[in-house]
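1. Coordinates for the following, if possible.
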Amino acid sequence: MRILALALALLAGSPPEPLSAAPAAPLAGGAPGPGALASPSGTLPREAASPPRPATAPEMRSVPGHPSLLASGIPEVPPALAERVGRYLEARSARLLDVSAAGDAILVATRFGESTQLHVVDQPLGSRTQITFGREPVAQGAFHPLDPMVVFYLKDQGGSENFQLYRLDRRSGRSELLTDGKSRHDRFVLSPDGSRIAWSGTDRNGRDTDVYLAGTACPKEAKILVQGEGTFEPLDFSSDGRHLLVVKFRSVSDADLLLVDAESGEERLLTPSEEKGSVRDARFSADGKAVFLVSNRNSDLDELYRLDLSDPKAPPRPLTPTIRWEVEGLSVARDGSRLALTVNADGVSRLYFLEPKSGKLEPGNVPAGVAGALRFPSRNGGSLFLGLGTARGPGDVWQVDLKGRKLVRWTRSEIGELDPAALAEPALVHYPAKDGLQIPALLYRPKGVGRWPVVIVWHGGPEAQQRPTFDPLSQMLAEAGVAVLLPNVRGSSGYGKAYLAMDDGPKREQALGDIGATLDFVAAQPDLDPSRVAAYGASYGGYLALASAAFYPERIRAAVDLVGISRIPTFLEATAAYRRDLRRAEYGDERDPEVRAVQERISPLHRAGDIRAALYVVHGANDPRVPRSEAEQIVSAVREKGREVWYLLALDEGHGLQKKENRDHALRTAVLFLERTLAPGAGTASSD
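-> From the prediction side, this is the model:
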């Protein structure tokens, strides 16, 4: 998992991941992007930039020095501010993707240039050897189980999220395109012996996501193993490679788990069809006789269960009944000795180890933070690798030696010119909603005494959660004397399925009241200034930022909307076809007149005339999730009312900004915007 909080994470284009995989199927999509083969030198040729497309908003001009960016109403960033912000822009992270069978090398995603690429590290704190070289970021990667010199990975073009599958031969440096170059392909898994690979794709009709199966020796001869209406994704192969676990995904809280025979294609439903519940993750036991499932089907929380495959009528056996937090990550040792799992304890990850035979559950000793991937090397069940990030440091990779209970650090990511010891730690706070519901939030307070302006950062999703991860914007603002509040209002993940469902469909109107409760909390704090409040968010968080300005106009001085929704029905009608029904499960079906009436009533576009706040809108031209029309219709509507709006459009980006030069410019201008609008006595963000 990418681990930057919303301000930089969504600028970096990171999607929520309901199945703890790479790109999340229910939230992505886009236009086709051509694949590229490696050159003889071993580097991928630089992809051609997406062709510029004219913006519909008036007065859009190229940003000097940034040919992929168009801007309207945005002034030049003063050199002193650019230098000050620049201190926070050089942090990087190492996201764990895979571990070699022997545990002597790890595959990580990290950035040393313009975008995130694949790197290999072959010893603790060793150098990162870059193995992919392109302008476009790499989304997911894995070693061939028997040959770490062969790597499979996914990559898209221009933020389209139409990911293509590639095979890289590290000996020759050549990458081979394995998929059709135009459809969207998502999660892939390899059999333990490396002879088979399964992935999801929309090749058949561009709408439904099927599961494809191929031999790794001839991956272009793939066949459809599972097909149907909706979204199917492969999760895990059995130890003999004969069976595959497949999830049918309808929403983050409604999915089915299938056991599929890889030879015949015969399917068996493992989860009761009459009960609604999540499939957060699932893994075969080492002997293939059972399945470990993370689900909330029998509980309000995502818990770990064991399914006995020999007895279809046997009820799932709960394995974590004493843990009253959601299980978020899972890995099974190939030797069958243990399972590793992480739980989300009010935003902080806790590691546990479980012995399958005895059921004994023991806590693991890792630094307090937010965990990413968990990986046991296939030939070493006594060693676990995991990703971990904290509020004062970006995500890195650690190894837990279970025999000696020793913790070994494999990567140490740089944070530029910053001093980790001087960075702020967010406090966990709670405050009541109008109906008495307790809303958790993280609060960064500046040092010293004062009455500080406040930036409220809304997360996306909506099925996501603000967590104490390294967030350059929050740290930057706190150092500059601005408090940052990151709420987890109803509809957020991490607090059970009842809390998650509180904003579904027409209930989203009630959720808007949580904005008011958040503003009431700010007003009740003696060191926070309720007259200087800005709303900031990306994707669904962008919708909440706009809603804050539209429905609470007298209480919001500024709003920053990154790839956000301005009118829910038009968003649903224009989002990529294969994700439309998945989003209807969350927002409601706009084709139902009663549901649509609520959606229209709570759409910020219809309250554009009430917005008093200064507005800054950022969007990617190739966004398949929230089309750029959502940005341009709110920009036009607010300007028609005589209000000032800054607008930035990235021609080579999609749902968020993934390329460093684009992301850096957006963050510099966002800080300029916030400083101008939150200064004492300031009105709007003048472009003069």
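2. only C-alpha atoms for contact and neighbour calcs from this point on.
-> Noted.
3. could you point out which element follows the worst-scoring helix or strand of the chain on mean pLDDT?
-> Among the helical and strand segments of the chain, the one scoring lowest on mean pLDDT, DSSP states H and E is helix 6-9, with a mean of 37. Downstream of helix 6-9, the next assigned helix or strand under DSSP states H and E is strand 61-63.
4. Can you measure across stretch 113-127, start residue to end residue?
-> With CA to CA, to the nearest Å as the measure, the first residue of stretch 113-127 is 15 Å from its last.
5. And for that stretch, what's in contact with it?
-> Counting by CA atoms under 8 Å, 6 or more residues apart in numbering, stretch 113-127 makes contact with 104-111, 128-138, 141, 408-412, 658-661, all of which sit outside it.
6. mean confidence score for that stretch?
-> Summarised as a single mean, pLDDT over stretch 113-127 is 95.
7. for that stretch, the distance to its chain's centre please.
-> How far stretch 113-127 lies from its chain's middle: 21 Å, per CA atoms, centre = their mean, to the nearest Å.
8. Pull out the buried positions in it.
-> Buried residues in stretch 113-127, counting neighbours by 16 or more other CA atoms under 10 Å, are found at Glu114, Ser115, Thr116, Gln117, Leu118, His119, Val120, Val121, Asp122, Pro124.
9. do the same with stretch 242-261
-> 243-261.
10. outside of it, which residues touch it?
-> Looking at stretch 242-261 with CA under 8 Å, 6+ apart, the contacting residues turn out to be 18, 26, 230-238, 262-263, 266-273, 276-280, 282-284, 296, 463, 497, 581-583, 585-586.
11. Kindly report the same for stretch 298-312.
-> Contacts of stretch 298-312 from elsewhere in the structure, counted by CA under 8 Å, 6+ apart, are 270, 277-278, 280, 289-296, 314-321, 324-328, 495-498.
12. Out of the residues you listed, which sit inside strands?
-> Filtering these for membership in strands, criterion DSSP state E, returns Ala290, Val291, Phe292, Leu293, Val294, Ser295, Arg317, Pro318, Glu326, Val327, Glu328.
13. what are the phi and psi angles of the closest residue to Tyr587 other than its chain neighbours?
-> Distances taken as CA to CA, 6 or more residues apart in numbering put Gly505 closest to Tyr587, at 4.4 Å, once the chain neighbours are dropped. Backbone geometry at Gly505, expressed as degrees, to the nearest 10, gives phi 60, psi -130.
14. Verify the contact between Gly505 and Gly588 for me.
-> Yes - Gly505 is within contact range of Gly588, at 4.0 Å (criterion: CA atoms under 8 Å).
15. so what sits against both of those two?
-> The overlap between the contact sets of Gly505 and Gly588 (CA under 8 Å, 6+ apart) consists of Val595.
16. So between the two, which is more surrounded?
-> The residue with more neighbours, out of Gly505 and Gly588 and counting by other CA atoms under 10 Å, is Gly588; that gives 23 against 20.
17. Can you list which of the buried residues of stretch 242-261 are found in helices?
-> Using DSSP state H, no member of those sits in helices.
18. Which members of those are positioned in strands?
-> Checked against DSSP E, the buried residues of stretch 242-261 include these in strands: 243-251, 254-261.
19. Can you flag the buried ones in the ones in strands among the contacts of stretch 298-312?
-> Ala290, Val291, Phe292, Leu293, Val294, Ser295, Pro318, Glu326, Val327, Glu328.
20. Nearest to Gln438 among these?
-> Glu326 (17.7 Å; CA to CA).
21. Would you mind measuring from the nearest residue to the closest one once chain neighbours are set aside to Thr209?
-> Closest residue to Glu326 apart from its sequence neighbours, by CA to CA, 6+ apart: Asp302 at 4.8 Å. Between Asp302 and Thr209 the computed distance is 25 Å (CA to CA).
22. Pull up the pairing partners for the lengthiest strand in the chain, direction included.
-> Looking only at the chain and at elements set by DSSP E, the strand with the highest residue count is strand 528-538. Looking at strand 528-538 with DSSP bridges, its paired strands and their directions are strand 452-458 (parallel), strand 558-562 (parallel).
23. elements contacting the helix or strand following it?
-> The first helix or strand that comes after strand 528-538 along the chain, using DSSP H and E, is helix 540-551. Packing contacts for helix 540-551, counted by 3 or more CA pairs under 8 Å, 6 or more residues apart in numbering; DSSP states H and E, involve strand 452-458, strand 528-538, strand 558-562.
24. Format those as JSON lines; extra columns: distance to Asp169, mean pLDDT and mean neighbour count.
-> Rendered in JSON lines, the data for the helices and strands packed on helix 540-551 read as follows (distance: least, CA to CA, whole Å; pLDDT from 0 to 100; neighbours: other CA atoms under 10 Å):
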{"stretch": "strand 452-458", "distance to Asp169": "42", "mean pLDDT": "98", "mean neighbour count": "26"}
{"stretch": "strand 528-538", "distance to Asp169": "37", "mean pLDDT": "97", "mean neighbour count": "25"}
{"stretch": "strand 558-562", "distance to Asp169": "38", "mean pLDDT": "98", "mean neighbour count": "30"}
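25. looking at those, which is closest to Leu70?
-> Ranking the helices and strands packed on helix 540-551 by distance to Leu70, with CA to CA as the measure, places strand 558-562 first at 14.8 Å.
26. Give me the angle between the closest one and helix 540-551.
-> Strand 558-562 runs at 150 degrees relative to helix 540-551, counting by axes from the mean of the first three to the mean of the last three CA atoms, to 10 degrees.
27. contacting residues around strand 558-562?
-> 10-11, 533-539, 541-543, 545-546, 548-549, 613-619, 656, 670, 674, 677-678, 684.
28. CA atoms only for it, dumped as CSV, please.
-> Once non-C-alpha atoms are left out, strand 558-562 reads as follows in CSV (Å, rounded to 0.1, in the frame of the first residue of the first chain):
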residue,chain,number,x,y,z
ALA,A,558,-11.2,27.9,1.3
ALA,A,559,-11.6,24.6,-0.4
VAL,A,560,-9.2,22.4,-2.4
ASP,A,561,-10.9,19.8,-4.6
LEU,A,562,-8.6,17.1,-6.1
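29. Could I get the average pLDDT for the helix or strand following that strand?
-> Taking DSSP H and E as the definition, the helix or strand that follows strand 558-562 towards the C-terminus is helix 568-574. Helix 568-574 carries an average pLDDT of 97.
30. In contact with Asp156: list those residues for me.
-> With the criterion set at CA under 8 Å, 6+ apart, Asp156 makes contact with Gly33, Glu136, Pro137, Val138, Asn162, Phe163, Gln164.
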